[in-house]
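Trainee: From the sequence below, what's the structure:
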Amino acid sequence: MQLEILTPEKKLYSGEIYGIQLPGISGSFEVLEKHAPMVSALGKGSVKVLLDKSGNNTTRFTISGGFIEVLDNRVSVLVEGATQQ
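Mentor: Reported below is the predicted structural model:
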């Protein structure tokens, strides 16, 4: 699955991933390969990028809110502000 995390200033992340855990406005959720198409608002919190199936190889970002779009095994995360942990 292909992931891009974008802010208005720059691209924070681009690459192949196993899955991603995100802070939704109604609670956390996870997107894995071949997820159904969706668009969702994101709340303030931590984004955990799962780089492989083991779950041991991860990258984390702290976001202040934004949106996610999932379509054709591609995930786009658009955030107002983010920092890598």
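
Trainee: quick one, what contacts Y13?
Mentor: Counting by C-beta atoms under 8 Å, 6 or more residues apart in numbering, Y13 makes contact with L3, E4, I5, V49, T59, F61. All C-beta atoms are positioned from the backbone trio N, CA, C, and that covers glycine.

Trainee: Mind checking which of the residues you listed are in helices?
Mentor: Among these, DSSP state H puts none in helices.

Trainee: Can you list which of those residues are found in strands?
Mentor: L3, E4, I5, V49, T59, F61 (DSSP state E).

Trainee: thinking L42 is in contact with I25, fair?
Mentor: Yes - in this structure L42 lies within contact range of I25 using C-beta atoms under 8 Å: 7.0 Å.

Trainee: Which residue of those two possesses the greater neighbour count?
Mentor: L42 (21 against 11; other C-beta atoms under 10 Å).

Trainee: Return the distance of the more buried one relative to L71.
Mentor: L42 sits 16 Å away from L71, taking C-beta to C-beta, to the nearest Å as the criterion.

Trainee: Next: A41.
Mentor: For A41, the distance to L71 - C-beta to C-beta - is 16 Å.

Trainee: Likewise for S26?
Mentor: 21 Å.

Trainee: of the two, who's got more company?
Mentor: Ranked by neighbour count (other C-beta under 10 Å), S26 and L71 place L71 first, with 12 against 9.
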